[in-house]
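A.B. asks: below is the sequence, then the predicted model.
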Amino acid sequence: MPDSPAAASVASALIPWFRAHARDLPWRRADYLKRYGAWGVLVSEFMLQQTPVTRVIPHLEAWLARWPDPSSLASATGAEVLQQWANLGYPRRALWLHGAAIAIRDQHGGFTPREVTELLALPGIGDYTARAVAAFAFGDRHPVVDTNTRRVIARAVHGRAQPDAPARRDLDDMLALLPSERDGAAVVNAATMELGATVCTARSPGCERCPLAALCAWRAAGYPPSEDRRRKQARYEGSDRQARGGVLRALRHADDHRLPAEAVLSDWPDPAQRDRAIDSLIADGLLEATDGMLLLPR
């Protein structure tokens, strides 16, 4: 089946641009994929959720040096996993990744599954991550949509400055732009993300450098403004997130990853917030409490 005119035009513009301008990121290198395979892609996708690339790279390298495959991570303790996750943020991701490794070891013989449905059945894996692993690790033709992709599509296809709220139709929009050939489809997925991350940015788009400039509906319409419906990031300073991070940091650095409860964040300016942070960490499985002690999960 021949590609649609839109898919053919986008592919012919994006693929050579990506090959010339893509950032040199570890998970894109042939030696990385050869060494770690789909597992390496899965780990990178977990770490990249809501976290800048520059922060992820050193953590990713250290993580895979310690746990180069699912079975090695599956044998670790929760405390070891959270200790290695360090200050990467959103630590529930670490336990979800640990749970995914256990499921891969026990249900898939230690090999990261290829099918989107099987990936979705793993702990902590949503639609984006499942499709990203299938597309980038195995080269299968699936639409992969993140925030950057949605912004590019909103502008280039729909003529809007900012995307609407995420919806299932985003996958249809991306699928319509993919070439029918599998390798080309994987490149277009990655290139669209890269374009949104480095050129078609939220606040300062570099339209003069954009390979889709001649195709862009937003540019053709004269860059009309549209409502910014992106969810605003809550302030970190003084937040419950900061308190939770402080509790986990104290336990990561403690002997045997345990401390008396009253000694954890004892100087926090808001005792009620400290207690709330501890209670929420226990509820999330990131902390255990026993005999007046707090400890990382065993």
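C.D. replies: In hand now; what should we look at? Residues are numbered from 1 along each chain as shown.

A.B. asks: residue 35 and residue 26, how far apart?
C.D. replies: 10 Å (CB to CB, to the nearest Å). Where C-beta positions appear, they are placed from N, C-alpha and C, glycine not excepted.

A.B. asks: ok, those two, which is more surrounded?
C.D. replies: Counted by other CB atoms under 10 Å, residue 35 and residue 26 do not tie: residue 26 has more neighbours, with 17 against 13.

A.B. asks: quick one: contacts for the more buried one?
C.D. replies: 32, 44, 57, 60-61 (CB atoms under 8 Å, 6 or more residues apart in numbering).

A.B. asks: helices - which of those land there?
C.D. replies: Mapping the contacts of residue 26 onto helices (DSSP state H) picks out 32, 44, 57, 60-61.

A.B. asks: just the buried members of those?
C.D. replies: Of the members of those, the ones counted as buried by neighbours, 16 or more other CB atoms under 10 Å, are 32, 44, 60.

A.B. asks: could you report the neighbour count for the residue nearest to the second one when sequence neighbours are not counted?
C.D. replies: Same thing as residue 44. Distances taken as CB to CB, 6 or more residues apart in numbering put residue 27 closest to residue 44, at 4.3 Å, once the chain neighbours are dropped. Neighbourhood size, residue 27 [other CB under 10 Å]: 21.

A.B. asks: residues contacting residue 27?
C.D. replies: Contacts here follow CB under 8 Å, 6+ apart; on that basis residue 27 touches 33, 40-41, 44, 60, 136.

A.B. asks: most widely separated two among those residues?
C.D. replies: 60 and 136 (14.3 Å; CB to CB).

A.B. asks: just give me the closest of the ones in helices among the contacts of residue 26 to residue 164.
C.D. replies: Ranked by distance to residue 164 (CB to CB), the ones in helices among the contacts of residue 26 are led by residue 44 at 27.8 Å.

A.B. asks: list the contacts of the residue nearest in space to the middle of the chain.
C.D. replies: Centroid check for the chain by CA atoms, centre = their mean gives residue 49 as the closest residue, at 2.6 Å. The contact partners of residue 49, by CB under 8 Å, 6+ apart, come to 90, 93, 129.

A.B. asks: ok, the second one touching residue 124?
C.D. replies: What that stands for is residue 93. Yes. Using CB atoms under 8 Å, residue 93 is in contact with residue 124, at 6.7 Å.
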